[in-house]
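In: For reference, the sequence and a predicted model appear below.
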Amino acid sequence: MQDILLLGIETSCDETAAAVVKNGREVLSNVISSQVALHAEFGGVVPEIASRNHLEKIDEVIRLAVKEAGIGFSDLSGISVTVGPGLVGALLVGVSEAKALSYALKKPLIPVHHIEGHIAANYISHADCQPPFVCLVASGGHSHLLLVEDYGKIKIFGRTRDDAAGEAFDKVARAVGLGYPGGPKLEKMAKEGNPDAFHFPTAKMEDSPYDFSFSGVKSAVLNEMNRKKMLSEEVHVADLCASFQENVTEVLSEKAILLCKDLGVSRLAIAGGVSANGKLREKMQEKAEKEGISFYSPKIILCTDNAAMIAAAGYYEWKNGNFADYSVNAYPSLSLTEG
Amino acid sequence: MISLGIDASGKVAGAALVRDGELLGEITLCLGLTHSETLLPACISLLEQAKVSVEEIDLIACTKGPGSFTGLRIAAATAKGLALARSIPILGISTLEMLKENLSYIPLPIHVILDARRGQVYTASFLGGQCIRTEQACSLSEVLEFAQSLEGKQIFLGDGVLRYKEEIYAALGEERLIFPEGSSLLQRASSLTLLAEKKWNAGEREVFHLEYLRKPQAERQKEAGELKDFQIIEEECAERVGKTEDRLSAKNYPV
């Protein structure tokens, strides 16, 4: 069979990324221009700034991805692009560029759901990672517990009732004065703290055991901060961070293992920015091992937003014949299609 | 020489095709749909109707602002994608200059005003093809003040006219004003493309960047000291995932 070389383009949030991936699994290039430092000044991603910078960087990023892959545009089999969900202005830069490239190069255009991309990051890192498997997707904008029945075929079992897991990390980090982005900073701080110093509540979801809620634990941390401040007592930030992280990673890993057991699925994967969290990876690995479940996690560089994952997901969309015409738009709140 | 012009800076999505200074065709869509859905299909059907292949295009003309931020970027990213694929240049043209082209053969002062919201307009004024008031974002009253300082009849065009007609009448009086009707009032891709080809042939070369004439709101707030809880944090934030600390440098991360 002829090799399928896909260019992936990702601009849904604050990373401008392009990559070339062969047959959905082999990464030939993985170029990222990160805007993290630009947005740090504002304590979060500023959509207009993100969109402006995507437009400035996108050509260079694509050119570099093709060059690093050692190919020319004409060698590509198609172009896959994130069409949603994400920041609409940011998405539109990637979508408009991809459409024009696809038309002018006469290569098919493949629309990719951002979350499907995150899930596909596991295919790159693990040759033996194949459906069916349970996947926990946790990032700044998403928290889903789902079953990947087949490539591009997903069934959602759990979602967050309020904040996404990564959002809770960011908010707590901000409240304790660590700044943005909160996840990596909070994790670093937590290393110095005692995870059992505080016992924060976990939300009980009677009707849906796989759903999450992080607003309770987030509020508990903020209340503890305020209480200490009112008493003019010193806040032990490291302990707070460690205990918060312990709470969230415990909930995430417990629910993921529970779903594996309930469905009788023996493979478990994680995806999304929060899956870069060392504590979460450690807990999932431990619990999975205990239950005889194979555990997969993407390489750290593939956990956060990148385009290699979009090209990998695009490969399976290609195989399913999911192509877009040139009226395709950006869909900021695109939901995952089950089926 | 064949040039394709694309514009989505305002209400209309437009595409025009010009060969050696002559208009081959133009599509203007004002459908209320997202420009993202209509702009590239409009270019494609124009090329098909004109029986021009994408390989034959020598130059892409694109509005470089001011205008709707998102619309400008849809057109700019489309232009960039086409230009990158075909290794052809993009020449950016100011939206205000492009609008002036609709009527620049008339020897009267032309004030182009685009509604920039927040009580402002994006504006520039021209006479006989020359710029007599530079591009800026300012209040309408500043434009009117300038217009009052000029003699005789004057033309106002651009989507700001739709919003501020009454105010302009009140300031200058009906007998001194010309408001173009219909297609001359708003952006026209043919004006863009014909002007771009002219400028290209006159030797104008410029790296294509959008010029928004207005900073993002967050930046303006920061400068005004309104962002209370922002903090400049050390740049090691990207360290954990191993990404570059440089601002906006692109790097390959082998997997």
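Out: Ah, there it is.

In: Wait, A:Ser139 touches A:Gly166, no?
Out: Yes. With contacts counted by C-beta atoms under 8 Å, A:Ser139 reaches A:Gly166, the gap being 4.8 Å. Heads up, the C-betas are built off the backbone N, CA and C, glycines and all.

In: host element of residue 91?
Out: In the absence of a named chain, this looks at chain A. Using DSSP states H and E, A:Leu91 sits within helix A:88-105.

In: if you could check chain B rather than the one you did, that'd help
Out: Under the criterion of DSSP H and E, B:Leu91 resides in strand B:90-93.

In: Neighbours of B:Cys30, how many?
Out: Using other C-beta atoms under 10 Å in any protein chain shown, B:Cys30 has 14 neighbouring residues.

In: er, B:Gln221 actually
Out: 16.

In: Quick check, pLDDT for it.
Out: Turning to B:Gln221, the model gives it a pLDDT of 82.

In: quick one: low-confidence ranges for the chain?
Out: Assuming you mean chain A. Residues of chain A meeting the criterion pLDDT under 70: A:339.

In: if you could check chain B rather than the one you did, that'd help
Out: Ranges of chain B meeting pLDDT under 70: B:226-248.

In: thinking A:Ala220 is in contact with A:Pro201, fair?
Out: Yes. Assessed by C-beta under 8 Å, A:Ala220 is found in contact with A:Pro201 at 5.9 Å.

In: between the two, which one's more packed in?
Out: For A:Ala220 and A:Pro201, the more surrounded residue by other C-beta under 10 Å is A:Ala220, and the numbers stand at 19 against 11.

In: so which helix or strand takes in that one?
Out: Element membership for A:Ala220 (DSSP H and E) is helix A:215-230.

In: now the angle from the next helix or strand after that helix to helix A:215-230?
Out: Next in sequence after helix A:215-230, counting helices and strands by DSSP H and E, comes helix A:237-263. Relative orientation of helix A:237-263 versus helix A:215-230 (axes from the mean of the first three to the mean of the last three C-alpha atoms, to 10 degrees): 170 degrees.

In: what comes up buried for helix A:237-263?
Out: A:237-253, A:255-260 (16 or more other C-beta atoms under 10 Å in any protein chain shown).

In: do stretch A:70-78 as well
Out: A:71, A:73, A:76-78.

In: what does that stretch rub up against?
Out: For stretch A:70-78, contacts defined as C-beta atoms under 8 Å, 6 or more residues apart in numbering or on different chains pick out A:3-7, A:20, A:28, A:66, A:101-102, A:105, A:107-110, A:314, A:318, B:85.

In: How many residues are close by residue 199?
Out: I went with chain A, as the question did not name one. Neighbour count for A:His199, taken as other C-beta under 10 Å: 10.

In: think we crossed wires, I meant chain B
Out: 16.

In: Hmm, it is touching B:Gly92, no?
Out: No. Taking C-beta under 8 Å as the definition, B:Lys199 is not a contact partner of B:Gly92, at 10.0 Å.

In: max-length helix in chain B?
Out: Assignment by DSSP state H gives helix B:69-86 as the longest helix of chain B.

In: Quick one: list the elements packing against that helix.
Out: For helix B:69-86, the contact count by 3 or more C-beta pairs under 8 Å, 6 or more residues apart in numbering or on different chains; DSSP states H and E identifies helix A:47-68, helix A:88-105, strand B:2-7, helix B:35-50, strand B:59-63, strand B:90-93 as packing neighbours.

In: Let me have those in a markdown table, extended by distance to A:Met230 and mean neighbour count.
Out: Output for these, formatted as a markdown table (distance: least, C-beta to C-beta, whole Å; neighbours: other C-beta atoms under 10 Å in any protein chain shown):
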| stretch | distance to A:Met230 | mean neighbour count |
| --- | --- | --- |
| helix A:47-68 | 36 | 22 |
| helix A:88-105 | 40 | 27 |
| strand B:2-7 | 58 | 27 |
| helix B:35-50 | 51 | 21 |
| strand B:59-63 | 56 | 27 |
| strand B:90-93 | 57 | 22 |
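
In: among these, which is nearest B:Ser184?
Out: strand B:2-7 (15.0 Å; C-beta to C-beta).

In: is chain A contacted by the helix or strand just after the closest one?
Out: Following strand B:2-7 in sequence order, the next helix or strand is strand B:13-19 (DSSP H and E). No. Strand B:13-19 does not reach chain A (C-beta under 8 Å from any C-beta of the partner chain); its nearest approach is 11.8 Å.
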